[in-house]
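*Asks:* after the sequence you'll find the predicted model.
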Amino acid sequence: MTVIFGCLAWLALPLLYWQHGLETAPALKQAGINRLGVSPAQAGAWREAGFEPVPMTASEIAAREKLPAPRIQARADLASSTRSPWVVANGWRFLRRGAAGYYYDVPAGRAALSAAEAFAYGADAVLKIDPADLAEFGRMLSFLRQLPPDGLPPVADLAVVDDGSELAGEVMNLLSRRNLLFRVAAAPSAQFRVNIKLGTAEYPRAEAANPSAFALKIRRQLTDEQRSLRVYGSEIVICRLTGDGARVRLHLLNYSGREIEGLRVRLRGSYRAGEMQADGYGRVALDDFAVADGATEFSLPRLGTYGVVDLR
């Protein structure tokens, strides 16, 4: 059953799981990190050192769903420059499992993106990171803390009936990577024109076995004009859109590991000019803002790891 993230989920920041000793306290404080998950035996010592420890046992960590580190993954079978990059992202898992607990164990260089990814989807996530990433992780947490709460319902253009299969998960993965906004459902919903139920005449499993072609079929069924979100010029930025008709928030996650300039975005609906808040840049004005034919378009001057656009 799909779980809709509530307002309180957006108030929770990803939690650092720290297995190092008290000698690392100065580095943590310098990074601005005060709250951290620690073994119950060490909680008292960390509290006395001025931190806010969250006792976590090994079994509690093991009970959480372990996630792959978000990244662009090099694959020998996708070496051609004409093929789409293979993005490892967890948004579809959050949409599928909802309020479940999650755990990242990420290598150096992945902490900030992992934290932003979990936050964008309101996920209850614990992160074990490389100590070399403390400063970057702390800067991302500082950015996330200053964002105003979201509290808006997720926007979806179609429903995916989840039969629990690996194939259904791969379809969700590809839809998410193509920024085709979906809701996970237990049964087809009259709210959506497109309801994907694998094993039916319209959506046979054999066809879904080629998820890339299957995602293209769904895009054609929706039509680009009726999509709530379109991103031009990038296949490595994955978005989450929330809104209530009067206002929207667009979360943009950049999986490339490098700055992107001039990204163009189209949202269905007419909105006044807004602004983006981006990690590393603060408030950023939107370029080439235009409203026409029931849609709003704008460009982002630059995007680092994570940005949030609010429009009314």
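*Replies:* Done, it's in.

*Asks:* ok, the most centrally placed residue in the chain - contacts?
*Replies:* Nearest to the centroid of the C-alpha atoms of the chain, with distances taken as C-alpha atoms, centre = their mean, sits residue 117, at 3.8 Å. Residue 117 makes contacts with 70, 89, 90, 91, 123, 253, as judged by C-beta atoms under 8 Å, 6 or more residues apart in numbering. Placement of C-beta: from N, CA and C, glycine included.

*Asks:* gap between it and residue 225?
*Replies:* Note on residue 117: its distance to residue 225, by C-beta to C-beta, to the nearest Å, is 29 Å.

*Asks:* ok, residue 65 next?
*Replies:* With C-beta to C-beta as the criterion, residue 65 and residue 225 are 37 Å apart.

*Asks:* likewise residue 154?
*Replies:* Distance of residue 154 to residue 225, given as C-beta to C-beta: 21 Å.

*Asks:* residue 187 too?
*Replies:* Plainly put, residue 187 is 28 Å away from residue 225 if you go by C-beta to C-beta.

*Asks:* on that earlier part again, quick check, the residue nearest to the centre of the chain in a helix?
*Replies:* Yes. Going by DSSP: H, G, I helix; E, B strand; the rest coil, the assignment for residue 117 places it inside a helix.

*Asks:* Three-state assignment for residue 32, please.
*Replies:* The assignment at residue 32 comes out as coil when based on three-state DSSP.

*Asks:* for it, which residues are in contact?
*Replies:* Here residue 32 is in contact with 138, 139, 141, 142 (criterion: C-beta under 8 Å, 6+ apart).

*Asks:* swap in 6 Å and give it another go.
*Replies:* Residues near residue 32 by C-beta atoms under 6 Å, 6 or more residues apart in numbering: 138, 142.

*Asks:* which one's more surrounded, residue 65 and residue 225?
*Replies:* Ranked by neighbour count (other C-beta atoms under 10 Å), residue 65 and residue 225 place residue 65 first, with 14 against 11.

*Asks:* show me what contacts the more buried one?
*Replies:* With contact set as C-beta under 6 Å, 6+ apart, residue 65 has these partners: 100, 102.
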